[in-house]
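Chemist: Sequence and predicted model, in that order:
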Amino acid sequence: MNSADSHSSIPVLTIDGPSGSGKGTISRLVAQRLGWHYLDSGALYRAVGVAAGWADLDLADPAALVRCTFDTQVGFRDDGPGEPRVIVNGVDATNELRTETAGAAASAIAAIPEVRAALKDRQRAFRQPPGLVADGRDMGTVIFPDASFKVFLTASAEERAERRYKQLKDKGVSVNLDGLLREILARDARDASRAVAPLRPAEDAVRIDTTGLGIDEVVERVLALLPAR
Ligand SMILES: Nc1ncnc2c1ncn2[C@@H]1O[C@H](COP(=O)(O)OP(=O)(O)OP(=O)(O)O)[C@@H](O)[C@H]1O
Ligand SMILES: Nc1ccn([C@H]2C[C@H](O)[C@@H](COP(=O)(O)O)O2)c(=O)n1
């Protein structure tokens, strides 16, 4: 019995989708409303990318990156209503993790099959009572194929770039909208075209196009997929 089978009675809601579609925001809010645990799987890939940068590793050296994946400790600290803090090898790396540089490094590393295999059990370990909301690219297809509820969030690339632009501007980071759009499209293309666990909706996922929808509306649409509580 693998670790996915051993927890299969615990409900899981998977929320996959491309960069900036709102997976993290919606998953956190839905998990809070349900009182369920939350897994930000992208943070694990980002953490390995950031740790690889700290160690000056070459992103074209898969063996070194696989060793780095095994060596990287990642912890989540939920201090309040905002994003949980992400602790990488004992250091609060939350802000560094959210940069587009870390996203691009994570996307490159995520194409290495052995890296994905090394992170599988760590992700499945988040499946704890009373339930889990898991966001990423392959939550519904590979990590939790038996999930009770599966969502695939999308939005137009232009709207996703504008959301990211606003998010970064609010944090005081100066960015260029066209550059962001190019980065988002490049990351989506790499995530969707890799050989292992590419970004794609599970066959049984409900697709929600969030273009023009506000955060609260998306949260309600997702919650409406679950049985009334
Ligand atoms: N429906 C929405 N309407 C408007 N803004 C949204 C919506 N959903 C998310 N946002 C905003 O868009 C930004 C990006 O959202 P978020 O980080 O949740 O996306 P993501 O899909 O997790 O991205 P990534 O995969 O790159 O981590 C945030 O500032 C968030 O507040
Ligand atoms: N389940 C996952 C989660 C993330 N990745 C990779 C691909 C993404 O571009 C990158 C960063 O993820 P984000 O924080 O933007 O959700 O990590 C993946 O391959 N599989």
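Modeler: That came through fine. Residues are numbered from 1 along each chain as shown. Ligands and ions are numbered 1, 2, ... in the order given.
Chemist: what's the longest helix in this protein?
Modeler: helix 177-193 (DSSP state H).
Chemist: quick one: contacts of it?
Modeler: 18-20, 100, 103-104, 107-108, 110-111, 137, 157-158, 160-162, 164-165, 168, 198-200 (CB atoms under 8 Å, 6 or more residues apart in numbering). For the C-beta atoms, the positions are set from N, CA and C on the backbone; glycine is no exception.
Chemist: Just confirm yes or no for that helix near ligand 1.
Modeler: No: on the criterion CB under 6 Å from any ligand atom, helix 177-193 is out of touch with ligand 1, staying 7.7 Å away.
Chemist: Can you list the low-confidence ranges for the chain?
Modeler: 1-7, 81 (pLDDT under 70).
Chemist: what does it put close to ligand 2?
Modeler: So the chain meets ligand 2 at 19, 41-42, 45-46, 103, 106-107, 110, 136-138, 187, 191 (CB under 6 Å from any ligand atom).
Chemist: let's see it at 8 Å
Modeler: 16, 19, 23-24, 40-46, 49, 97, 102-104, 106-107, 109-111, 116, 123, 135-139, 143, 187-188, 190-191, 194, 197, 199 (CB under 8 Å from any ligand atom).
Chemist: Residue in this structure with the shortest distance to ligand 1?
Modeler: residue 22 (2.7 Å; CB to the nearest ligand atom).
Chemist: now that residue: how far from ligand 2?
Modeler: Using CB to the nearest ligand atom, to the nearest Å, one gets 11 Å for the distance from residue 22 to ligand 2.
Chemist: Counting neighbours, what do you get for residue 57?
Modeler: For residue 57, the neighbour count with other CB atoms under 10 Å is 18.
Chemist: no, scratch that, I was asking about residue 182
Modeler: 13.
Chemist: need the strands for this protein, in chain order.
Modeler: Using DSSP state E, the strands of the chain run over residues 12-16, 37-40, 74-77, 85-88, 91-92, 132-136, 149-154, 206-209.
Chemist: picking up where we left off before, restricted to helices, list the contacts of helix 177-193.
Modeler: Using DSSP H, the contacts of helix 177-193 in helices are 100, 103-104, 107-108, 157-158, 160-162, 164-165, 168.
Chemist: Show me which of the residues you listed are buried.
Modeler: Neighbour-count burial (16 or more other CB atoms under 10 Å) is assigned, among those, to 100, 103, 104, 107, 108, 157, 160, 161, 162, 164, 165, 168.
Chemist: that older thread, residues touching the residue of the chain closest to ligand 1, list them.
Modeler: 153, 155, 163, 210, 215, 218.
Chemist: out of these, which are buried?
Modeler: 153, 155, 163, 210, 218.
Chemist: so who does the third one touch?
Modeler: Residue 163 makes contacts with 20, 22, 155, as judged by CB under 8 Å, 6+ apart.
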